[in-house]
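Enquirer: From the sequence below, what's the structure:
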Amino acid sequence: MKTAAHPGNMPDLCSAVESRRAAIKAGIDIGEQCLALFDNILCLDHQQSMQHVV
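Expert: You can find the predicted model right below:
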């Protein structure tokens, strides 16, 4: 039996790949949001430290 060549299995494989791509894209999006947030925190810390100097 050649189950791998059966066309019925292809949609499952395709959806698995698509969901993995979506998860990776979501992970990248979350990572960029975290970096942006981290940058904002650094900027706020820098502004506060400058205020303390002045």
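Enquirer: contacts, neighbours, all on C-alpha from now
Expert: Noted.
Enquirer: Output the below-cut-off pLDDT ranges for the protein.
Expert: When the per-residue scores of the chain are filtered using pLDDT under 70, the ranges that remain are 1-10, 52-54.
Enquirer: Tell me which residue is most central in it.
Expert: Gly27 (1.7 Å; Cα atoms, centre = their mean).
Enquirer: tell me which element that one is part of?
Expert: Assigning secondary structure by DSSP states H and E places Gly27 in helix 10-53.
Enquirer: In terms of secondary structure, what does that helix contact?
Expert: The contact analysis (3 or more Cα pairs under 8 Å, 6 or more residues apart in numbering; DSSP states H and E) places helix 10-53 against no helix or strand.
Enquirer: coming back round to it: ok now do the residue nearest to the centre of the chain, which residues does it touch?
Expert: Contacts of Gly27 were listed using Cα atoms under 8 Å, 6 or more residues apart in numbering, and none were found.
Enquirer: mind checking how far it is from Gln51?
Expert: Between Gly27 and Gln51 the computed distance is 36 Å (Cα to Cα, to the nearest Å).
Enquirer: Could you do Phe38 as well?
Expert: Applying Cα to Cα to Phe38 and Gln51 gives a distance of 20 Å.
Enquirer: ditto for Glu32
Expert: The separation that Glu32 has from Gln51, given Cα to Cα, amounts to 29 Å.
Enquirer: now do Gln33
Expert: Using Cα to Cα, Gln33 is found at 27 Å from Gln51.
Enquirer: Same drill for those two, tell me which one is more crowded.
Expert: Gln33 (12 against 9; other Cα atoms under 10 Å).
Enquirer: and that one, what is it in contact with?
Expert: Residues touching Gln33, when contacts are defined by Cα under 8 Å, 6+ apart, are absent altogether.
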